[in-house]
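Student: Here is the input, now give the coordinates:
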Amino acid sequence: MVITLFRSRLRPEYAQEYGEWATRIHDLAVKTPGFISIKTFTAEDGERVSIVEFESEEAVRHWREQPDHRQAQELGRKLFYSEYNIQVCQPIRGYSFPKKTGAAATSD
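Tutor: Numbers count the residues shown, from 1 in each chain. Predicted structure coming up:
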């Protein structure tokens, strides 16, 4: 698995145009072979963090080079973002704790 952490700050004057592009690019990303997930969070100070997961480096490369995504990247640099930082990582270790379903445990 390859995880991309995309930290950014948006320029408010391009919010509407950004929103249109973001929807378009999201819809393309989820259809990309090897795509796993994307989640975006916005902090109180306006910083946004997107966590994007792909199955492999090859899948990430394919996504990075996708023509519409390339155009969105250029627009991001020119218009949408006041700043951004991208880190591409591979997990060293992973842990999880599954959510329990069903009836709650009781003690006698």
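Student: right, and the helix or strand after the helix ranked longest in the chain?
Tutor: Taking DSSP state H as the criterion, the chain has its longest helix at helix 15-30. Remark: after helix 15-30, the chain's next helix or strand is strand 35-42, criterion DSSP states H and E.
Student: Tell me the buried residues in that next one?
Tutor: Going by neighbour count (16 or more other C-beta atoms under 10 Å), the buried part of strand 35-42 is 35, 38. Yep, even glycine has a C-beta here, placed from its N, CA and C like the rest.
Student: For it, name the packing helices and strands.
Tutor: Applying 3 or more C-beta pairs under 8 Å, 6 or more residues apart in numbering; DSSP states H and E, we find strand 35-42 packed against helix 15-30, strand 48-54.
Student: when you compare where the first one runs with where strand 35-42 runs, what's the angle?
Tutor: So the one you mean is helix 15-30. 160 degrees (axes from the mean of the first three to the mean of the last three C-alpha atoms, to 10 degrees).
Student: Quick check: mean pLDDT of helix 15-30?
Tutor: Confidence for helix 15-30, expressed as mean pLDDT, is 95.
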